[in-house]
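>>> Next input, structure requested:
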Amino acid sequence: MELIQTIEDWAWIGWLVLILAFLVIEMLTLDFTFLMLSIGGLAGLGSGLLGAPIWLQVIVAGVVAAVLVLFLRPPLLRRLRRGEDPTKSNVDALIDLHGRVLATVSRHGGQVKLANGDVWTARSDAGELEPGTPIHVTRIDGATAVVRSDAPTAFPTEDPRA
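Next comes the predicted model:
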């Protein structure tokens, strides 16, 4: 019983450490999740300073954090990201970009020219592609574009007379 009393007497230090840890993590992530958790910890600290037992402090902190994460964080994120440019950039802008094969592209290498004018080393994830074949980029692996053919695949048709 003495151990529980000691924990309850010094719980405020635990709350302060938890709040500070959450604030440091929030400064690194900038996603508002850990800010909401630190405010929940502040509510737990406040309830502890008002004399609540440790189990009630944890419940108060959890409920406050959950309410803030569910109801306050989404509008804050929308407001924060309102002025962002929705245009894809860097590697994301290359995905689904069309182009043409310059040098035969196989599973091991080749070269393509994309619609934006860039020439990339490329690999095919579906067979060998001859020069001039229209392609599109499916993903980027390091400095290599992984491409697929845009040309319609010719399937043998059944002979209706057979």
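
>>> From now on I want contacts and neighbour counts done on CA atoms only, so please keep to that.
OK.

>>> longest single strand anywhere in the protein?
strand 134-141 (DSSP state E).

>>> Alpha carbons of it, in CSV - could you do that?
Taking Å, rounded to 0.1, in the frame of the first residue of the first chain, the C-alpha atoms of strand 134-141 are listed here in CSV:
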residue,chain,number,x,y,z
PRO,A,134,4.6,4.2,-75.9
ILE,A,135,5.0,3.7,-72.2
HIS,A,136,3.9,5.0,-68.8
VAL,A,137,5.8,5.1,-65.5
THR,A,138,4.4,2.8,-62.8
ARG,A,139,7.0,3.6,-60.1
ILE,A,140,10.5,4.9,-59.5
ASP,A,141,13.2,2.7,-58.0
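
>>> Show me the longest helix that occurs in this protein.
When the chain is parsed with DSSP state H, its longest helix is helix 2-29.

>>> picking that back up, the longest strand of the chain pairs with which strands?
Using DSSP bridges, the strands paired with strand 134-141 are strand 98-103 (antiparallel), strand 144-149 (antiparallel).

>>> pLDDT of that strand, averaged?
Averaging pLDDT along strand 134-141 yields 93.

>>> now do stretch 96-111
93.

>>> Show me what counts as buried in it.
97-106, 109-111 (16 or more other Cα atoms under 10 Å).

>>> What is the end-to-end distance of that stretch?
Its first and final residues considered, stretch 96-111 spans 16 Å by Cα to Cα, to the nearest Å.

>>> distance between it and the chain's centre?
29 Å (Cα atoms, centre = their mean, to the nearest Å).

>>> which residues touch residue 14?
For residue 14, the contact set (Cα atoms under 8 Å, 6 or more residues apart in numbering) is empty.

>>> And it, how far from residue 27?
From residue 14 to residue 27 the distance is 20 Å (Cα to Cα).

>>> Take the strands paired with strand 134-141 and write them to CSV, including distance to residue 80.
Converted to CSV, these look like this (distance: least, Cα to Cα, whole Å):
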stretch, distance to residue 80
strand 98-103, 33
strand 144-149, 33
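
>>> Quick one: closest of those strands to residue 35.
Closest approach to residue 35 among the strands paired with strand 134-141 is made by strand 144-149 (39.2 Å; Cα to Cα).

>>> Let's see that closest one as CSV, backbone CA atoms only.
Presented in CSV, the C-alpha positions along strand 144-149 are these (Å, rounded to 0.1, in the frame of the first residue of the first chain):
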residue,chain,number,x,y,z
THR,A,144,15.3,4.1,-62.5
ALA,A,145,11.8,4.4,-63.9
VAL,A,146,9.8,1.2,-63.9
VAL,A,147,7.6,1.3,-67.0
ARG,A,148,4.8,-0.5,-68.8
SER,A,149,3.7,-0.4,-72.4
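
>>> Thank you kindly, that will do.
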